[in-house]
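Engineer: Pasting the sequence and the predicted coordinates here, then a few questions.
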Amino acid sequence: MIKASFILRNWYAERVRKSLGDKLADEINRTADMAVDRAQQRAPVDTGFMRDTMRVIRYATPDNLTAEWGNDTATYTIWVEIGSQGRPGRYFMRQAQQEATSGLTGRVRGILPR
Amino acid sequence: MTTDTTNVVYDIAALIAYLSQNTDIVTDTAGRIYGNEMPNEQAAFMPRGLIVINSAGTARMTRDRLNLGHKIFDVRCYHSSMYLSSMLFLSVAKHLKNLQRQLINGVLLYDASQITGRFTAREPDTEWPVSYGSFEVTISEEGIP
């Protein structure tokens, strides 16, 4: 198929994206680190293994502004979080996520040029 | 001193009543839909169709509209196999997502959306198949006469 098209690219827009992308990724990564800290503070402790293995699983990059945090080592973490028969959920991860992300939109807005 | 419960609503009871409107869910669970925890007398007969709804906090810390709160509820669907627990959960999720503004026993249910994916596994200790998910429900915090 013959396509009639233009490629529209602007070096300055690319530079702005790159510089903002770095700052936005930093902010999201700082928030993910904060969530891990908060979760570790709130985590119920028996041996400490679950608390100590909480981590940022994937950091955001300028091209992909998504971070992931949690625990991919202690497989029972999900049951501590949501509970199971006879063991009420502790909701410590959700509380940590809520605390850490509170105000994130405002912080991101602060990065944007005025 | 006694606690003043005038006009206080039990939101989980309203959700149980709402789920109980769906004949497929009621048939599949034989009406076993509970709030907070599974009654001890049910545990002896598990695993079979049964739903437990838990309150899991507030979704948004912003000022709520009038007397409506945005609350998170965890829904746990048990059944005799992981497949059946998934199917029960899907029915529940569909019914909740179809929720339209309505008054049930003086509680206004406004809308509901699923905020986590479905998680199906066998519970530790008991090995009962369970499907789990969280929903954000906009619901009145005071009774409506």
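Structural biologist: Thanks, I have it. The model shown is predicted, which means the values in this text are computed figures rather than measured ones.
Engineer: Could you measure from the spatially most central residue of chain B over to chain A?
Structural biologist: With distances taken as CA atoms, centre = their mean, B:I53 lies nearest the centre of chain B, 3.7 Å away. B:I53 is 12 Å from chain A, where distance means CB to the nearest CB, to the nearest Å. Where you see a C-beta, it was placed from the backbone N, CA and C, and this is true even at glycine.
Engineer: from the middle of its chain, how far away would stretch A:21-40 be?
Structural biologist: When distances are taken as CA atoms, centre = their mean, to the nearest Å, stretch A:21-40 is centred 6 Å away from the chain's centroid.
Engineer: Could you list the buried residues of that stretch?
Structural biologist: Of the residues in stretch A:21-40, those scored as buried under the neighbour-count criterion (16 or more other CB atoms under 10 Å in any protein chain shown) are A:21, A:24-25, A:27-29, A:31-36, A:38-40.
Engineer: For whichever residue of chain B sits closest to chain A, what are phi and psi?
Structural biologist: Chain B approaches chain A most closely through B:E123 (4.4 Å), counting by CB to the nearest CB. When quoted as degrees, to the nearest 10, the phi and psi of B:E123 stand at phi -60, psi 150.
Engineer: ok, and the closest non-adjacent residue to it?
Structural biologist: Taking CB to CB, 6 or more residues apart in numbering or on different chains as the measure, B:E123 lies nearest to A:S84, with 4.4 Å between them; neighbours along the chain are not counted.
Engineer: is it true that the one you found touches B:F119?
Structural biologist: No - contact between A:S84 and B:F119 fails when scored by CB atoms under 8 Å: they sit 12.0 Å apart.
Engineer: Which one's more surrounded, the two?
Structural biologist: A direct count of neighbours by other CB atoms under 10 Å in any protein chain shown for A:S84 and B:F119 places A:S84 higher, at 21 against 15.
Engineer: Now do that one against B:W128, distance only.
Structural biologist: Applying CB to CB, to the nearest Å, one obtains 9 Å for the distance of A:S84 from B:W128.
Engineer: now swap in B:E37 and tell me
Structural biologist: Counting by CB to CB, the separation of B:E37 from B:W128 is 14 Å.
Engineer: All set now, cheers.
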